[in-house]
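# sequence first, then the predicted structure:
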Amino acid sequence: SRSCRNAISVVVAWAWFAALVALPIVTGLWPLWIVSFVLMTPVFARFAILMHEAAHRTLFRHKGANDFVGMWFLGYPAMSSTQAYRRVHMAHHRREFGPDEPDKPLYANYPITRARLRRKLVRDATGRTGLKLLRNQMRNLRSPDRRSRNTLLKMLGVQIVLFGAAWASGHPLVYPLLWVLPYLTVWRVINRLRSIAEHGGMREDDDRRHTTHSVAQHPLAMFLMVPYKIGYHMAHHVDAGVPFRNLPEYHRLLHEANFLDDTLEYPSYPALWKALAPA
């Protein structure tokens, strides 16, 4: 069933993280710390996309299991609230680029110059973007909204558990080096590149073909940046209730119905990024 397969996906995402942690420790080879650091990006991508699926309540058929796993095993470990994300993400789906659009700052005002995009990516890669977002989150500790305070405390509680597990294993540096640091740096780069590939340079419109990009999917991009078929993003926006495993087939049907054609689809992500930052 879909729920069983998605449960396996959650377990595999955590197993992938465990394998990356074990790789440099077991081998004792310091260059593998760098490899694990870089490959943590696909782990965060998997957590984010599975949490996104939980936000759409298509991860598990059982509502309680869907929300529990989405919060405690996917959202809170990556300092995200599945419930808060659901509220703003539904606004995103109701009207891309609309007045209540929460994600507009990530992909508005494209195309831009290549130099400007490079400056944004350097800020991401050096942790400035991540630290700014984290500081904004920490302000919720003083929020008058009790729900916001409690949610942040739950996130921080999960971080303490993760650090405690690293400490108990005798490798406390695992937590800052293979969890916090990649989250604040390389993951921010990938998250921006994915976001602008989804909606950068588009506009508010009733026709999803003018709000969302369609990009041909290739194995490397699907591994690094857009796992779980979420790269079929126009199909997702045409019908947000379609589970991620069904998006390739739905994408094919959109082509078959002539809703999509090759003139509306970029051949690769680099081709799209080049179009969004042409010079």
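Great, that's in hand.
# once you drop chain neighbours, what's closest to L153?
The shortest distance from L153 to any non-neighbouring residue, by C-beta to C-beta, 6 or more residues apart in numbering, is to L141 (7.9 Å). Bear in mind the C-beta positions are built from the backbone N, C-alpha and C, glycine included.
# is it correct that that neighbour is in contact with R149?
Yes. Counting by C-beta atoms under 8 Å, R149 is a contact partner of L141 at 6.4 Å.
# more neighbours: which of these two?
Each of L141 and R149 has its neighbours counted (other C-beta atoms under 10 Å); R149 has more, 14 against 11.
# quick check: that one vs R142, distance?
Separation of R149 from R142 (C-beta to C-beta, to the nearest Å) stands at 8 Å.
# V38 too?
Counting by C-beta to C-beta, the gap from V38 to R142 is 35 Å.
# neighbour-wise, which of the two wins?
Taking neighbours as other C-beta under 10 Å, V38 and R142 compare with V38 leading, 13 against 8.
# CA atoms only for stretch 70-87, dumped as CSV, please.
C-alpha atoms of stretch 70-87 as CSV (Å, rounded to 0.1, in the frame of the first residue of the first chain):
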residue,chain,number,x,y,z
GLY,A,70,5.5,14.5,9.5
MET,A,71,6.2,16.5,12.6
TRP,A,72,8.5,14.3,14.8
PHE,A,73,10.5,12.4,12.2
LEU,A,74,10.7,14.8,9.3
GLY,A,75,9.8,18.4,10.3
TYR,A,76,11.3,19.0,13.8
PRO,A,77,14.6,17.3,13.0
ALA,A,78,15.1,19.8,10.2
MET,A,79,13.8,22.7,12.3
SER,A,80,10.5,22.9,10.4
SER,A,81,6.9,22.8,11.7
THR,A,82,4.8,20.6,9.4
GLN,A,83,1.6,22.2,10.7
ALA,A,84,2.9,25.8,10.2
TYR,A,85,4.3,24.8,6.8
ARG,A,86,0.9,23.3,5.8
ARG,A,87,-0.9,26.5,6.6
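# residues contacting it, please?
10, 13-14, 44, 47-48, 50-56, 59, 67, 134, 137, 151, 154-155, 157-159, 162, 183 (C-beta atoms under 8 Å, 6 or more residues apart in numbering).
# quick check: PyMOL command selecting the buried ones in those residues.
Those of these that count as buried under 16 or more other C-beta atoms under 10 Å are selected in PyMOL with:
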select buried, resi 10+13+44+47+48+50+51+52+53+54+55+56+59+67+137+151+155+158+159+162+183
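# what about the contacts of stretch 70-87, which are in strands?
Among the contacts of stretch 70-87, no member is found in strands (DSSP state E).
# which of the contacts of stretch 70-87 fall in helices?
10, 13-14, 44, 47-48, 50-55, 67, 134, 137, 151, 154-155, 157-159, 162, 183 (DSSP state H).
# going along the chain, name the helices of the stretch 151-279 of the chain.
Under the criterion DSSP state H, counting those that start in this stretch, the stretch 151-279 of the chain contains helices at 174-175, 181-184, 186-199, 219-224, 233-238, 247-256, 269-276.
# select, out of those, the one closest to Y110.
Nearest of the helices of the stretch 151-279 of the chain to Y110, taken as C-beta to C-beta: helix 269-276 at 4.6 Å.
# and that closest one, C-alpha only, in CSV?
Coordinates of each C-alpha in helix 269-276 appear next as CSV, following Å, rounded to 0.1, in the frame of the first residue of the first chain:
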residue,chain,number,x,y,z
TYR,A,269,17.8,22.3,-14.6
PRO,A,270,21.0,24.0,-15.8
ALA,A,271,19.2,25.2,-18.9
LEU,A,272,16.5,26.7,-16.8
TRP,A,273,18.9,28.4,-14.4
LYS,A,274,20.8,29.8,-17.4
ALA,A,275,17.5,31.3,-18.7
LEU,A,276,16.8,32.8,-15.2
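# angle of it against helix 186-199?
Angle between the axes of helix 269-276 and helix 186-199 is 70 degrees (criterion: axes from the mean of the first three to the mean of the last three C-alpha atoms, to 10 degrees).
# what does helix 269-276 contact?
Taking C-beta under 8 Å, 6+ apart as the rule, helix 269-276 contacts 110-112, 117, 193, 196-197, 200-201, 213, 215, 218, 221, 225, 266.
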